[in-house]
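Asks: sharing a model that was predicted from the sequence below.
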Amino acid sequence: MAKLQRCLWHGDSSGMSRKDRAPCEYYVYLPDKLLGRSFSLEGRVSADVVDAESALVRFNTEALSLVNTEALARILLRAESVASSKIEGLVIGARRILRAEVENSMNGFTADPTAIEVLANIQAMVYGINQIEKNRPITVELILSIHKRLLAGTKLSAYGGRLRAEQNWIGGSDFNPCNADFVPPPWELVKELMEDLVAFANSEDLPAVAQAAIAHAQFETIHPFIDGNGRIGRILIQLILRRRGLATRVTPPISLILATWAKDYVSGLTAMRYVGEPLTIEAVAGMNTWVGRFAAACSRSVVDAMEFESRAQKIENEWRSRLKTVRRGSSTDLLLQKLVGAPILTVKSASALTGKSSVATGLAVTRLEEAGIVHQINLGARNRAFEAPEMIEAFANLERQLASPEGDTRKSKPTRGVPDRIK
């Protein structure tokens, strides 16, 4: 039975005001475990879940004939990771993250501190989904290893890959949980709750979309880490969808929608935190509210991803028209396919992507530059790279479109920070 447990706070008195160091009472939330619990989906919610699963399967099997699967997967994965970071306030535009990504690959570092954290999010998500194949189990150890990569290179790297050993909270003061919006379970219960969570994530009693929704909400409720809980929780969504076979080829940008629906996202998670028995009217209604919103986010993420895919294909076709003749399998042909997912690259990275020699790749890059498809930029003092502005603009416009409830920031105000239009 889920409940609120009264606790007393006696904080460290050093360097704090009298108000912040004063003892107080607060309530931690003790959730029910998931494995073996009965979940009752309402008819409309069940229909929404079926629609979401059908859309995800269709996108992963049918829509990918338009654009090179690997290139599309790369840019949607990047978009998903960036959006997930933005929910936690790490705001960075398309061109900035793409340049930082290339600079990091060339030099082994980037001087942009925000980019470092967002790149870590991308790398953590890539690592995580690469570990999961259909029916391969999700483990606490895997989640810890993803978290370690997420915090690598940040000021909190020492906490990477470690479950918290102290009380944390959301909202209120930085010094105590007295006026917090939500206080997760005590750290002593975290390991046990996480073991139950991964056992639930590996079950197949529920439809995958409902399972991912409930597991994500439980993870955010447990809040098992000092930092990075939101980003890891959103990676968990992708792990479950991939394991259940719904997102085996392309990562649907669900976090782009959750970032736009931030208020509904938070209130949906809150609705899952009932007090009492799990089958009370309030508990069942809260669960259905959240699962329905999550299913809707999945469905819209597919619609937006397919629209972006069409725009990307249109851009690639226009590039080919400018070049007039492109021999199938040539360095130029392969580079055009890869440029969709890597719109900023070097001759060296382009050679690695196409599998062609640096000489042949260099000639292909020159041809694209002469056609106005890419232009040269400098990253640092001596590093030469090439940028495809039309594809970067499409990436930025994807973010802008998804920041609006109506899908267009010119019609409805963005609900979150968005990059400026690229001129």
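Replies: Thanks, I have the structure now.

Asks: so which elements touch the helix or strand containing Arg231?
Replies: Assigned by DSSP states H and E, Arg231 belongs to helix 229-243. Contact partners of helix 229-243 among helices and strands, from 3 or more Cβ pairs under 8 Å, 6 or more residues apart in numbering; DSSP states H and E: helix 69-87, helix 113-131, helix 140-151, helix 190-201, helix 208-222, helix 254-260. (Each C-beta comes from the backbone N, C-alpha and C, glycine too.)

Asks: now it - C-alpha only, CSV.
Replies: What follows is helix 229-243, C-alpha atoms only, in CSV (Å, rounded to 0.1, in the frame of the first residue of the first chain):
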residue,chain,number,x,y,z
ASN,A,229,17.2,11.2,-13.0
GLY,A,230,15.0,12.7,-15.7
ARG,A,231,17.4,11.9,-18.5
ILE,A,232,18.0,8.3,-17.4
GLY,A,233,14.3,7.9,-17.0
ARG,A,234,13.7,9.0,-20.6
ILE,A,235,16.4,6.6,-21.8
LEU,A,236,14.6,3.8,-19.9
ILE,A,237,11.6,4.5,-22.1
GLN,A,238,13.7,3.8,-25.2
LEU,A,239,15.2,0.6,-23.7
ILE,A,240,11.7,-0.8,-23.0
LEU,A,241,10.4,0.1,-26.5
ARG,A,242,13.5,-1.4,-28.1
ARG,A,243,13.4,-4.6,-26.0
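
Asks: chain center to that helix: distance?
Replies: 8 Å (Cα atoms, centre = their mean, to the nearest Å).

Asks: about what we covered before: packed most tightly, which of the helices and strands packed on helix 229-243 would that be?
Replies: Among the helices and strands packed on helix 229-243, helix 254-260 has the highest mean neighbour count (mean count of other Cβ atoms under 10 Å), at a mean of 27.

Asks: now for it, which elements pack on it?
Replies: The contact analysis (3+ Cβ pairs under 8 Å, 6+ apart) places helix 254-260 against helix 69-87, helix 229-243, helix 281-323, helix 389-402.

Asks: for Ile344, find the nearest of the ones you listed.
Replies: Proximity to Ile344 (Cβ to Cβ) singles out helix 389-402 among the helices and strands packed on helix 254-260, at 7.3 Å.

Asks: returning to what we had before: quick one: the helix holding Arg231 to helix 208-222, angle?
Replies: Inter-element angle recorded for helix 229-243 and helix 208-222: 160 degrees (by axes from the mean of the first three to the mean of the last three Cα atoms, to 10 degrees).

Asks: can you list the domain ranges for the protein.
Replies: 3-301, 308-402 (automatic domain parsing).

Asks: could you export these as a markdown table, including mean pLDDT?
Replies: Shown next, in a markdown table, are these (pLDDT from 0 to 100):
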| stretch | mean pLDDT |
| --- | --- |
| domain 3-301 | 88 |
| domain 308-402 | 89 |
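
Asks: residues contacting Asn148?
Replies: You called it Asn, but residue 148 is Lys. 160-161 (Cβ atoms under 8 Å, 6 or more residues apart in numbering).

Asks: actually Val198, not the one I wrote
Replies: 137-140, 143.

Asks: what about it, distance to Ala124?
Replies: 17 Å (Cβ to Cβ, to the nearest Å).

Asks: next: Ala385.
Replies: 25 Å.

Asks: now do Asn202
Replies: For Asn202 relative to Ala124 (Cβ to Cβ), the value is 20 Å.

Asks: to Arg249, which of the helices and strands packed on helix 254-260 lies closest?
Replies: That would be, of the helices and strands packed on helix 254-260 and by Cβ to Cβ, helix 69-87, which comes in at 5.8 Å.

Asks: how long is stretch 99-114 end to end?
Replies: From its first residue to its last, stretch 99-114 covers 13 Å (Cα to Cα, to the nearest Å).

Asks: likewise for stretch 159-176?
Replies: Start-to-end, stretch 159-176 (Cα to Cα) is 20 Å.

Asks: burial of the nearest residue to Trp319 once chain neighbours are set aside, as a residue count?
Replies: Counting by Cβ to Cβ, 6 or more residues apart in numbering, Trp319 lies nearest to Ile373, which is 5.0 Å off, once chain neighbours are set aside. Counted with other Cβ atoms under 10 Å, residues neighbouring Ile373 total 25.
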